[in-house]
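J.: I would like to see how this sequence folds:
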Amino acid sequence: MLLRKISLLTALLLVLVLSQKAFCSEGMGISPEYFLKKMGYACVKVKNGLSSVTIASGIQDTGGNKKILECGNRLMLVLTGSEDGRELMSVALLYFMDVDSGRESNPSVSRSYENNRFENICRQMIFSLDSGISDSDAEKALRSIGIQGNMLDGIQRSSPVKGYRCMLKLQPGGMLMMVISKI
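T.: Next comes the predicted model:
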């Protein structure tokens, strides 16, 4: 339990430090609150996503320009706002993978509950960008960034979706991070 808390703190510090140099050069054109509202609406399009109730009851404001939502034992949603907090700059989903799961000779991803939930919340994040995004658009974006398995090679991949950039990379220590920002 202590090790999990230490890795959560380490990951949070990593996100806080990295997001100071934003992944994007401009804001996403919406407030963090509005994005979360759209995430709640998009929950109906995915299995095991984040409901409006879960989002409203679990979101934590860290002060400044960060909002965090723990989505289970190994998943965390982090929203980074502008300096004044009015505009969303990026949204990231962090997944603390079992360190051994990606280092075996088999490059495929196990279909555990956490892996499925990570993929489903990533899909929900994409649906939250625009109500006109279809299942095939979301699937195409997720496949192009490696969600089906090649994400475990540690190479950062990105894909454009409706004027946004979706990026996915396995970080050292087994933290998988999917980030969405404005292009």
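J.: ok, and the closest non-adjacent residue to the residue minimising distance to the centre of the chain?
T.: Centroid-nearest residue in the chain, with C-alpha atoms, centre = their mean: L93, separated by 2.0 Å. Nearest residue to L93, sequence neighbours excluded (C-beta to C-beta, 6 or more residues apart in numbering): M178, at 4.8 Å. The C-beta positions use only the backbone N, C-alpha and C, and glycine is treated the same way.
J.: one step back: tell me how far the residue nearest to the centre of the chain lies from E83.
T.: Separation of L93 from E83 (C-beta to C-beta, to the nearest Å): 23 Å.
J.: swap in S52?
T.: Distance from S52 to E83, by C-beta to C-beta: 28 Å.
J.: picking up where we left off before, show me what the helix or strand where the residue nearest to L93 lies packs onto, helices and strands only.
T.: Applying DSSP states H and E as the criterion places M178 in strand 175-182. Applying 3 or more C-beta pairs under 8 Å, 6 or more residues apart in numbering; DSSP states H and E, we find strand 175-182 packed against helix 2-20, strand 88-96, helix 113-129, strand 164-171.
J.: Within its sheet, name the partner strands of that strand and how each one runs.
T.: strand 88-96 (antiparallel), strand 164-171 (antiparallel) (DSSP bridges).
J.: just to revisit the earlier point, which residues touch the residue nearest to the centre of the chain?
T.: By C-beta atoms under 8 Å, 6 or more residues apart in numbering, L93 lies in contact with C71, L75, M76, L77, V78, F118, I121, C122, M125, M177, M178.
J.: Check it and give its pLDDT.
T.: With respect to pLDDT, L93 scores 97.
J.: Quick one: low-confidence residue ranges for this structure.
T.: 1-25, 99-111 (pLDDT under 70).
J.: let's see 50
T.: The model of the chain has pLDDT under 50 over residues 1-24, 101-108.
J.: still on that earlier bit, and the residue nearest to the centre of the chain, bridged to which residues?
T.: For L93, the beta-bridge partners are L77, M178 (DSSP bridges).
J.: E26 versus that one, what's the distance?
T.: From L93 to E26 the distance is 21 Å (C-beta to C-beta).
J.: again with M178
T.: To E26, M178 is 20 Å away according to C-beta to C-beta.
J.: More neighbours: which of these two?
T.: Neighbours per residue (other C-beta atoms under 10 Å) separate M178 from E26, with M178 holding more: 24 against 12.
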